[in-house]
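Novice: build the 3D model from these lines:
(one chain, ligands or ions: 2)
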Amino acid sequence: MSHSTTPENTHALTGTMKAALFYQPNDVRYEETPIPAIGPGELLIRVESALTCGTDVKCYRRGHPVLLKNFPSPFGHEFSGTVVQAQPTEAEPPRFQVGDRVVSANSAPCYQCFYCHKGQTNLCERLDLLNGAYAEYIRVPAQIARHNTYRLPDHLPFEIAAFSEPLAVCLHGLAQSRIEAGDHVAVMGLGPIGQLMVRAAKLKRAKVTAMARTPNKLALAQQFGQADQIVNLLEYENPEALRAAFTEQGRGFDVVIEAIGKPETWEKAVALVRKGGTVNLFGGCPGGSSVTFDTRRLHYDEITLVSSFHHTPRHFQAALELLGSGQVDPRPLISKTASMADFESALQQVEAGQAIKIALKNQ
Ligand SMILES: [Zn+2]
Ligand SMILES: [Zn+2]
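Specialist: Numbers count the residues shown, from 1 in each chain. Ligands and ions are numbered 1, 2, ... in the order given. As a prediction, the model looks like this:
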C-alpha cells in the first residue's frame, strides 16, 4: 500500500486495505475493503500491533450484541499504531500529527449523560465501542481521538503499548475492589486478564494468591505476576480446605477477584472471602446464567459484592504509564507474533490454550 499525506494532514488516503470482517459467528474473512474515509476530528491510524483478546475469541464464536453491529463488522479492539491522517474540526486543529506513534482506547465517554456526570464514565450511555484493529488501517472516531488517544513514549514498543486496554480494565477492576496495601487478594483465573490483575495487585502492595487449573498459567503468575502463592484449583475443590491451607487461621481472603466468568466460580469466590471482605465478580458469565448465594453468609458476614465493566480514560492513561515506566512489562504474556492475515488461526490458538496472547503485525 503506497500513500502520501500533505502537511495539512487533510489529504485523503484512498484505495483499499486488507481487514478482518465479521460476517457471522465462525465466519470472519480477511479481505480487501476500502480504506476508511475520516471526518472532522477523526484519525486514520496504521495498525502497527494488534493483540488477540478473549473477548474477540468469544465474539468470533458467538457474535456479540453490543460490540458487533452492522455486518460485515470490523473486528479486533486492542491496538496501537501510527497516525497517517488527522482531520481538524471547525474549532480545533488536530491533536495529533502524521507520524505520531499512538494508542487509542476502544471507547470514550460522552461526558454529557447521567453516568458521565456521576463520574461513572465506563457506564456512559453513548459508549460506542471501536472495532477494526485486525486491519491495515483503523478509523478512530473524533470522541476517542479527543479524549482517549495518547502519544507513546519513544522507547515503548507498539506491542507493549497495545496492552493499555486490557491493563486499564484491570486497574478499573482493582479500584472497584478497594484494595489496600497489605491486603491478601485472591485472583481466580489466570488468562491474560487474570495475569495482569495479579501483577497490578502486587503493585498495590497486596499479598496475592493466584489460582487456576493449569500448571503453565500458575508458573506464569509467579514469573510475570510475582504472585506470593499459587493454588491449583483442581487440588482444592472444597473452599474450606483452600481457605485453611492458604489464608491465616483459615479465615479467608480480604479480597477475591473472580476472573473466570462461570456461575460456579462466582459462587466459589464468595465462599473464599473472609468476613467483611470484598468479592469482585469480574469475569462475565454467559448471557442468561444465574447464581445462588447463601443470604446468611452475605448478610451476617458482611460480604461486599462488587462488579466491574470496561475502563475509564483515567485508568487507560494510568495503564499506559505503568507500561511506559516498565512497572508492568507484559512481554511474557505474548506467546508469539504473527501476521495480521493469520488472525483467525491466532484466535483459535488462544481458544485452544496454546497461546496467552498473540501480537499481530502488518507486513
Ligand atoms: Zn480486550
Ligand atoms: Zn456519557
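
Novice: contacting residues around the residue of the stretch 1-150 of the chain found nearest ligand 1?
Specialist: Distances between the stretch 1-150 of the chain and ligand 1 by C-beta to the ion are smallest at residue 53, namely 3.1 Å. C-betas here are computed from N, CA, C, even on glycine. Residue 53 sits next to 76-78, 165-166, 192, 357 when contact means C-beta atoms under 8 Å, 6 or more residues apart in numbering.

Novice: now for these: which two are most distant?
Specialist: 76 and 192 (14.7 Å; C-beta to C-beta).

Novice: now the helices for this structure?
Specialist: Defined through DSSP state H, the helices belonging to the chain, from first to last, are 54-62, 114-117, 142-147, 158-161, 164-176, 192-203, 215-223, 239-246, 263-272, 295-300, 313-324, 343-351.

Novice: how much space between whichever residue of the stretch 151-300 of the chain sits closest to ligand 2 and residue 73?
Specialist: Here the stretch 151-300 of the chain gets closest to ligand 2 at one residue, residue 172, 15.7 Å apart by C-beta to the ion. As judged by C-beta to C-beta, to the nearest Å, residue 172 and residue 73 stand 25 Å apart.

Novice: which of the two has more neighbours?
Specialist: The residue with more neighbours, out of residue 172 and residue 73, is residue 172; 22 against 19, by other C-beta atoms under 10 Å.

Novice: now do the contacts for that one.
Specialist: 122, 308, 310-312, 315.

Novice: swap the cut-off to 10 Å and go again
Specialist: Shown here is residue 172, whose contacts under the criterion C-beta atoms under 10 Å, 6 or more residues apart in numbering are 122, 282, 308-312, 314-316, 318-319.

Novice: residue 217 now?
Specialist: Under the criterion of C-beta under 10 Å, 6+ apart, the contact list for residue 217 reads 189-192, 194-195, 210-211, 230, 232, 353, 356.

Novice: quick revisit: how about the helices of the chain, which one is nearest residue 33?
Specialist: Set against residue 33 and scored by C-beta to C-beta, these come closest in helix 343-351, at 14.3 Å.

Novice: just the CA trace of that closest one, in PDB.
Specialist: The C-alpha trace of helix 343-351 is given here as PDB (Å, rounded to 0.1, in the frame of the first residue of the first chain):
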ATOM      1  CA  PHE A 343      -5.700 -13.500  12.900                       C
ATOM      2  CA  GLU A 344      -8.100 -16.400  12.700                       C
ATOM      3  CA  SER A 345      -5.600 -19.100  13.500                       C
ATOM      4  CA  ALA A 346      -4.300 -16.800  16.300                       C
ATOM      5  CA  LEU A 347      -7.800 -16.700  17.800                       C
ATOM      6  CA  GLN A 348      -8.000 -20.500  17.500                       C
ATOM      7  CA  GLN A 349      -4.700 -20.900  19.200                       C
ATOM      8  CA  VAL A 350      -5.800 -18.700  22.100                       C
ATOM      9  CA  GLU A 351      -9.000 -20.600  22.400                       C
END
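
Novice: so which elements touch that helix?
Specialist: On a contact count with 3 or more C-beta pairs under 10 Å, 6 or more residues apart in numbering; DSSP states H and E, helix 343-351 meets strand 16-24, strand 27-34, strand 43-51, helix 54-62, strand 334-339, strand 357-361.

Novice: make it 8 Å
Specialist: When contacts are defined as 3 or more C-beta pairs under 8 Å, 6 or more residues apart in numbering; DSSP states H and E, helix 343-351 sits against strand 27-34, helix 54-62, strand 334-339, strand 357-361.
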